[in-house]
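Asks: Whatever this is, show me its structure:
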Amino acid sequence: MINPSGVVRTPSSLPPWTLSRLATGSREYSVAFIDPETAPENTEPTAPYLSDDELARIDAWWKANRYMTVGQIYLQENPLLRRPLRPEDIKPRLLGHWGTSPGLSFLYAHMSRLIRERGQETVYFTGPGHGGPALTAASWLEGTWADAYPDTPQNAEGMKTLFRRFSAPGGIPSHVSVTTPGSIHEGGELGYVLAHAFGAAFDNPDLLCLAVVGDGEAETGPLAGSWKGISFLNPERDGAVLPVLHLNGYKISGPTVMGRKDPEELRKYFHGHGYDVIEVNGADLPGMHHRMAAALDEAHDKIRAIQKDVRENGFTEQPEWPMIILRSPKGWTGPSVVDGVQVVDSWRSHQVPLSGVKNNPEHLQILEDWLRSYQPEEVFDDLGRPTDLVLSANPEGGIRMSATKYTNGAAEDHRIDYPNFRDYEFDIEGAPATKRMESPRKLGEFMDEIYKRNPNDFRLFCPDETNSNRLGAVFETSDRAFMEDTIDRDVSISP
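Replies: Residues are numbered from 1 along each chain as shown. Presented below is the predicted three-dimensional model:
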């Protein structure tokens, strides 16, 4: 039954993400709600945080994005459902990943709200890069996709072209890549998102790097090591990284380790790494919108407070940087049950939740119901352009995440000033095998001069083998960046 708060209550034998049906017009569409009886304590719906107008624009943008995400996976014709779906509207081969995509676009919509209100320059790093259609749709809705690819304008024909090109020969990748406006991270190979985010934040004091970490990705070695990035991030000269653990509980064919951990155990794990954990849990709408907005504002307030303190008073001790754990169902708002089998909140949502659509009339109808649940007639106009309400959710100009100067060819010139390498050559005149030389030491001297000439644009990354690899000359100019405690016998280490 539905209680007065609007949250569906079901027997405890069902999964925590209980399923309901939402009536919209003459049809019913599947939506997922969280069961508060089985959810962690801190998932109770919060009081309204967003204004009605702000909530409307965020939700409209999210609907448009999810519609386009599903369209990229399935459709080659009839992009706006101006008529009922037919088998010939469906692609001959279905490729793509739905499961992570609604969470990615949910977070993108809310980060855009913060950017609009606070002017925060932000790069969005997509760890679960297989959610490519969500980020492609975001760029199209922001207008930057058409800027980069003029033959895919913001109209019905441009939408159809985009759908046809997605994951097609000669088209665009199924994963987020450097061809996606706003992306410098190739998300097809999992595990590197935090390393790339911290690298981008170094020496860019005004930048916020929002790094979405998939809970499956979090099991990789590189990612597990990258949580330590805050040990090298100096709030005085660097920007900030806000990790968001996208905890939807499943990988391609089974559960994730973190998805099955007790919430308190996860909090302790990340606290041990030095993070101040903020949690956003649930599937109820609009409750999740209010909770996500409040969480992002809280995290951003904490980041600004850390930076203000260190930049005004100097560095004294390592701060606790915020991070967010976002718990939402895999395949959120997609088909609940297909052929009697659970799909939402299951590994079955990871890629293509509905197969055989061309040849299965029942599946074709489920797909049409699913697409219409995002109300395309309300988020796109008669020409297929995003409505004014949808467009009002976008930041303006260069602070759109898909248009930022930090990813799209930087407006500032950061070319490295190199010394003449011939000034570091050895004199090898004379008889052979009569002089003892080490070329790596000369390379170290060369790199030290690069540091002198480019103090804010050059960094050396090394797993503590700088001296053993004979590159120690760089320490004449630069210490090792280290934000943890130091002691008197440490050498060449400082914040």
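
Asks: Going by C-alpha atoms from here, please, whenever you check contacts or count neighbours.
Replies: Fine.

Asks: As a check, name the ranges of all helices in this protein.
Replies: Listed from the start of the chain, the chain has helices (DSSP state H) covering 52-74, 101-118, 132-142, 144-148, 156-165, 193-201, 221-226, 263-272, 287-313, 361-372, 376-379, 388-391, 439-453.

Asks: Make TSV from those helices and add distance to residue 187 and mean neighbour count to it.
Replies: Listed next are the helices of the chain as TSV, based on distance: least, Cα to Cα, whole Å; neighbours: other Cα atoms under 10 Å:
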stretch	distance to residue 187	mean neighbour count
helix 52-74	17	23
helix 101-118	13	21
helix 132-142	8	28
helix 144-148	18	19
helix 156-165	19	22
helix 193-201	8	23
helix 221-226	13	16
helix 263-272	23	13
helix 287-313	23	17
helix 361-372	26	18
helix 376-379	29	19
helix 388-391	27	18
helix 439-453	31	19
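
Asks: any chance of these in TSV, plus mean pLDDT and distance to residue 210?
Replies: Conversion of the helices of the chain to TSV gives the following (pLDDT from 0 to 100; distance: least, Cα to Cα, whole Å):
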stretch	mean pLDDT	distance to residue 210
helix 52-74	98	18
helix 101-118	98	9
helix 132-142	97	14
helix 144-148	96	19
helix 156-165	97	26
helix 193-201	97	8
helix 221-226	96	14
helix 263-272	96	17
helix 287-313	98	10
helix 361-372	96	29
helix 376-379	98	27
helix 388-391	98	22
helix 439-453	94	28
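
Asks: possible to save the ones you listed as JSON lines with distance to residue 184?
Replies: JSON lines is the format used below for the helices of the chain (distance: least, Cα to Cα, whole Å):
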{"stretch": "helix 52-74", "distance to residue 184": "21"}
{"stretch": "helix 101-118", "distance to residue 184": "16"}
{"stretch": "helix 132-142", "distance to residue 184": "13"}
{"stretch": "helix 144-148", "distance to residue 184": "15"}
{"stretch": "helix 156-165", "distance to residue 184": "21"}
{"stretch": "helix 193-201", "distance to residue 184": "8"}
{"stretch": "helix 221-226", "distance to residue 184": "17"}
{"stretch": "helix 263-272", "distance to residue 184": "26"}
{"stretch": "helix 287-313", "distance to residue 184": "22"}
{"stretch": "helix 361-372", "distance to residue 184": "30"}
{"stretch": "helix 376-379", "distance to residue 184": "29"}
{"stretch": "helix 388-391", "distance to residue 184": "24"}
{"stretch": "helix 439-453", "distance to residue 184": "24"}
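
Asks: Which among these is found nearest to residue 408?
Replies: Checking the helices of the chain against residue 408 by Cα to Cα gives helix 144-148 as the closest, at 10.2 Å.

Asks: Of the helices of the chain, give the one that comes closest to residue 406.
Replies: Across the helices of the chain, the minimum distance to residue 406, taken as Cα to Cα, is reached by helix 193-201, at 8.3 Å.

Asks: Not counting stretch 394-403 itself, show me its contacts.
Replies: Under the contact criterion Cα atoms under 8 Å, 6 or more residues apart in numbering, stretch 394-403 has outside partners 112-113, 115-116, 119-124, 138-139, 142, 144, 181-183, 404-405.

Asks: ugh, typo on my part, it should be stretch 228-239
Replies: Taking Cα under 8 Å, 6+ apart as the criterion, the residues outside stretch 228-239 that touch it are 194-195, 198, 201-209, 240, 273-274, 306-307, 310-311, 314-315, 318, 321, 481-484, 495.

Asks: got a list of contacts for stretch 265-279?
Replies: Outside of stretch 265-279, the residues that reach it under the criterion Cα under 8 Å, 6+ apart are 42, 227-228, 230, 258, 295, 299, 319-327.

Asks: do that again at 10 Å, thanks
Replies: When contacts are defined by Cα atoms under 10 Å, 6 or more residues apart in numbering, stretch 265-279 is touched by residues 42-43, 227-231, 243-245, 258-260, 263, 291-292, 295-296, 298-299, 302, 318-327.
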